[in-house]
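Trainee: coordinates only, no sequence provided:
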């Protein structure tokens, strides 16, 4: 990430944990806003996670279809998730999600960028990877992920699915944009150091 600009930061007067689970923590901060007024800010603390854009061939990508309980329906998205234990490198996490959800392994990996999913109220960074030179290795689903479906789609079809409401996951849509940027030669090319464009 670039240099952090903290102008406008709140003064945190007190903080407390209001909920904790193995997957996330919810805290409340008593804050003073820059204008001097007091307030309470709720923050969802969650682990960093990784998302994989699996490229079967240029412009043709693998996706998975899962039932998402909070919103009560199935959606198509790119494989993604966080590591079961802290300290696992993001690319290793990405490789695990690709294997577990899509049954694929990749010989070629490229870091496409970083995303915040909802930084107005949540911590956690999404590391986006492009995976190429794919081979089928068989799915290894985690408990509760046995009903993951698999599909291959051209980019134009994915955008139509997004318009139809079947691809609405924010980081999936943003990752598709990062992938298209790379394909069009805007920004770093795969294998090129980040922060360079030549």
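Mentor: Alright, I've got the coordinates. Being a predicted model, the structure only gives us computed values, none of them experimental. Numbering: from 1, shown residues only.
Trainee: so where do the helices sit in this structure?
Mentor: 90-97, 155-164, 170-183 (DSSP state H).
Trainee: residue 112: which of the ones you listed is closest?
Mentor: Ranking these by proximity to residue 112 (C-beta to C-beta) places helix 170-183 first, at 4.3 Å. All C-beta spots, glycine's among them, are computed from the backbone N, C-alpha and C.
Trainee: tell me what angle the closest one forms with helix 155-164.
Mentor: 150 degrees (axes from the mean of the first three to the mean of the last three C-alpha atoms, to 10 degrees).
Trainee: which elements pack onto helix 170-183?
Mentor: The criterion is 3 or more C-beta pairs under 8 Å, 6 or more residues apart in numbering; DSSP states H and E, and the helices and strands that helix 170-183 contacts are strand 49-57, strand 60-68, strand 104-116, strand 125-136, helix 155-164.
Trainee: return the most buried member of those.
Mentor: A comparison of those by mean neighbour count, using mean count of other C-beta atoms under 10 Å, puts strand 49-57 on top with a mean of 22.
Trainee: that strand vs strand 104-116, what angle?
Mentor: 130 degrees.
Trainee: give the partner strands of strand 49-57 in its sheet and their orientations.
Mentor: Strand pairing for strand 49-57, determined by DSSP bridges: strand 60-68 (antiparallel), strand 80-81 (antiparallel), strand 125-136 (parallel).
Trainee: list the contacts of the first one.
Mentor: Read that as strand 60-68. For strand 60-68, the surrounding residues in contact (C-beta atoms under 8 Å, 6 or more residues apart in numbering) are 53-56, 73-79, 101-102, 104, 134, 145, 147-155, 158, 167, 172, 176, 179.
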